[in-house]
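Engineer: using only what follows, build the 3D model:
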Amino acid sequence: MVACVLLGGLATRGQDSTPPPVDDLVAAIQARYDTVHDFSTDFEHRYSGGVLRTTAVEHGTVYVKKPGKWRFDYTAPEKKLYVSDGETLHAYFPADRQVIVSQMEPDTGASTPALFLAGQGDLARDFTVTYPDTTEVPPNSWFVRLTPTRGDTDYEWLTLALDPNTLAIRQMVAFDFQGAHSSFTFLNLKENQGLSDNLFVFEIPRDTDVITDESFPR
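Structural biologist: Predicted structure coming up:
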């Protein structure tokens, strides 16, 4: 009921693209995502900058099921898969016939963008949320910056572009400590579909090299 009231009030404001006080928005976002048990969405992943000063664009579909289960299916230009059942992460690269297996650390909060999407952590507790002082705002969106309050994240800050009427995330950009940024633009969002746990189980194919690396980025 609380979520409905918050979302209803903010949606009315969102029709004229005037954002509410940031604390009200944080409460409404958290209330909304507390009602989302699973979702899937197509994505465009664009990585730019960093040490190599390169730009890469990839496409695929992400699936999330709380608590802590997520799957990134990359389909173009190269197939690859990152899937976590909440305890173990598999990173599979079919062209190389290689899979990297890592154990997920407990109580990591939203230490990676993937874990943030999977609902780990709490917005008010784990982030300082502000409206960025910028004119480069995605059209017809509310735009916020999330700076983590904990020191173990693999990004310096996140930005979110939100649908003003539904608070759905249209775009998420992670800025790392080397000056690179990794953006995900989302399309065709579907929520609370009752995704099967089997979607987040990975069976290692035959003739695949298995690498165990506890330091693999998660």
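Engineer: for residue 72, give me its contacts.
Structural biologist: 60-62, 81-83, 114 (C-beta atoms under 8 Å, 6 or more residues apart in numbering). To be clear about C-beta, it is placed using only N, CA and C from the backbone, and glycine gets the same treatment.
Engineer: put the buried members of those residues into a PyMOL selection.
Structural biologist: Selecting just the buried residues from the contacts of residue 72 in PyMOL takes one command, with 16 or more other C-beta atoms under 10 Å as the test:
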select buried, resi 60+62+81+82+83+114
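Engineer: show me the two of the contacts of residue 72 that sit farthest apart.
Structural biologist: Taking C-beta to C-beta, the two most distant members of those are 61 and 114; they sit 13.7 Å apart.
Engineer: now the helices for this protein?
Structural biologist: 2-14, 22-34, 113-117, 123-126 (DSSP state H).
Engineer: packing partners of the shortest one?
Structural biologist: Read it as helix 123-126. Secondary-structure packing of helix 123-126 (3 or more C-beta pairs under 8 Å, 6 or more residues apart in numbering; DSSP states H and E): helix 22-34.
Engineer: for the helix it packs on, buried residues please.
Structural biologist: 25-33.
Engineer: is residue 33 in contact with residue 120, as I believe?
Structural biologist: No: contact criterion C-beta atoms under 8 Å: residue 33 and residue 120 do not qualify, at 11.0 Å.
Engineer: columns pLDDT and distance to residue 42 on top of the buried residues of helix 22-34, output as TSV?
Structural biologist: What follows is the buried residues of helix 22-34, written out as TSV (pLDDT from 0 to 100; distance: C-beta to C-beta, whole Å):
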residue	pLDDT	distance to residue 42
25	95	25
26	93	27
27	94	29
28	94	25
29	92	21
30	90	25
31	92	26
32	92	20
33	88	19
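Engineer: strands along this protein, start to end?
Structural biologist: 38-49, 54-65, 69-76, 80-84, 88-93, 98-103, 127-130, 142-148, 157-162, 169-175, 181-191, 209-212 (DSSP state E).
Engineer: in JSON lines: these, plus distance to residue 202.
Structural biologist: What follows is those, written out as JSON lines (distance: least, C-beta to C-beta, whole Å):
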{"stretch": "strand 38-49", "distance to residue 202": "17"}
{"stretch": "strand 54-65", "distance to residue 202": "13"}
{"stretch": "strand 69-76", "distance to residue 202": "9"}
{"stretch": "strand 80-84", "distance to residue 202": "5"}
{"stretch": "strand 88-93", "distance to residue 202": "4"}
{"stretch": "strand 98-103", "distance to residue 202": "8"}
{"stretch": "strand 127-130", "distance to residue 202": "30"}
{"stretch": "strand 142-148", "distance to residue 202": "28"}
{"stretch": "strand 157-162", "distance to residue 202": "27"}
{"stretch": "strand 169-175", "distance to residue 202": "24"}
{"stretch": "strand 181-191", "distance to residue 202": "21"}
{"stretch": "strand 209-212", "distance to residue 202": "11"}
